[in-house]
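Participant: sharing a sequence plus its predicted fold:
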Amino acid sequence: MTELSDSWELYKALERLDLLQNSQPLWWPQHGTFEVVVGAILTQNTQWTRVTVSLNNLVKSDLMTLEALSQIDPEILMELIRPSGLINAKSKNIILLCRSIIEEFGSFEAFKQDVTREWLLGQKGVGPETADSILCYACERSVMVVDSYTARLLRAFGYEFENYDELQEWCERGIREHCDELILQRMFAHFHGMIVEYVKSNSKGKEVSIERISSAP
C-alpha cells in the first residue's frame, strides 16, 4: 500500500498490526478520569514516560483531584511535575484550568457532560490537540486527536495538510463513513493510539517508514 483512499483504509491496515495489544482498552491510561485532563497538559512538548512520573507523583501525594489541584501551592505542584518540564507554565495552567472547571461546572462529572471544545480552547494553555485529548479520553466524546505523529505518517503517504483542522477532518471523515455513532469514540481513540505507537516504532529521525503498513496482510 503506497496510496490511501481514505482514513478507514489506514485504520484497517494499522489494526492488522495489533499495535495496541499491550495498551489500555482506549489506549490513554486512566481514560474517562480527571487524570487525563492533567496528563493532557503535562504531555505538551515532552515524552509520555516523563509525564507518567509526574502523574505518579501527584497520585502518591493524594493530589490527583480537581479540588486539590485548584488549591495547591504552585511551588509544590512545580516540584511534583518537574519531570514533565516547562513547570512554571504547566503548573499555572493546571491550577487555572481546575479553578475554571469548578467555577463553570462545579464538578468533574458535570464538566465531562457539559464542556464544549470552544470553552476548552478559551482556557490558558489549551490548544486544539490538548482540547481534543481531553474531549476524547477524559470526556469520552467522539473526537479524533491528531498530532505531529499523525502529520508525519500521512506525509509518508504523500499527504500534506494546511493546519490541524484539515488533518483532523481527513482522519475523521473515513471513520465516520464506515462506523456507527455509538462506536466512534472508541474508534477515534484507537486510531490515534495506533498512529502514535506505529510512528514511535517505525521512524528514523522525522522520516516514517510505511513498509509494515504496506506489507500488512
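Facilitator: Now that the structure is in, tell me what you want to look at. Residues are numbered from 1 along each chain as shown.
Participant: flag the shaky bits of this protein, pLDDT-wise.
Facilitator: 1-2, 216-217 (pLDDT under 70).
Participant: would you map the helices across it?
Facilitator: Assigned by DSSP state H, the chain shows helices spanning 7-16, 34-42, 48-60, 66-71, 74-80, 87-105, 108-114, 117-121, 128-133, 148-156, 164-178, 184-201, 211-214.
Participant: winner for burial among those?
Facilitator: The highest average neighbour count among the helices of the chain, using mean count of other C-beta atoms under 10 Å, belongs to helix 34-42 at a mean of 24. (Each C-beta comes from the backbone N, C-alpha and C, glycine too.)
Participant: pull the residues that contact that one.
Facilitator: The contact list for helix 34-42 (C-beta atoms under 8 Å, 6 or more residues apart in numbering) reads 28-30, 51, 54-55, 58-59, 64-66, 69, 81, 84, 90, 93-94, 97, 101, 108, 125-126, 130, 133-134, 137-138.
Participant: 6 Å - rerun?
Facilitator: Residues from elsewhere that reach helix 34-42 (C-beta atoms under 6 Å, 6 or more residues apart in numbering): 51, 54-55, 64, 66, 84, 90, 93-94, 108, 130, 133-134, 137-138.
Participant: give the contact list for residue 188.
Facilitator: Residue 188 neighbours (C-beta under 6 Å, 6+ apart): 136, 144.
Participant: that one and residue 141, how far apart?
Facilitator: Counting by C-beta to C-beta, to the nearest Å, the gap from residue 188 to residue 141 is 9 Å.
Participant: name the nearest residue to residue 184, ignoring sequence neighbours.
Facilitator: Leaving aside its sequence neighbours, residue 184 sits nearest to residue 142 (C-beta to C-beta, 6 or more residues apart in numbering; 3.8 Å).
Participant: neighbours of the one you found, how many?
Facilitator: Using other C-beta atoms under 10 Å, residue 142 has 19 other residues around it.
Participant: and if you look at the one 4 residues further on?
Facilitator: Residue 146: 25 surrounding residues under other C-beta under 10 Å.
Participant: give me the most central residue, the protein.
Facilitator: The centroid of the chain falls nearest to residue 133 when counting by C-alpha atoms, centre = their mean (3.6 Å).
Participant: please tell me how far it sits from residue 160.
Facilitator: Distance from residue 133 to residue 160, counting by C-beta to C-beta: 23 Å.
Participant: now do the residue nearest to the centre of the chain against residue 214, distance only.
Facilitator: From residue 133 over to residue 214 the distance is 29 Å, taken as C-beta to C-beta.
Participant: contact partners for the residue nearest to the centre of the chain?
Facilitator: By C-beta under 6 Å, 6+ apart, residue 133 lies in contact with 40, 145.
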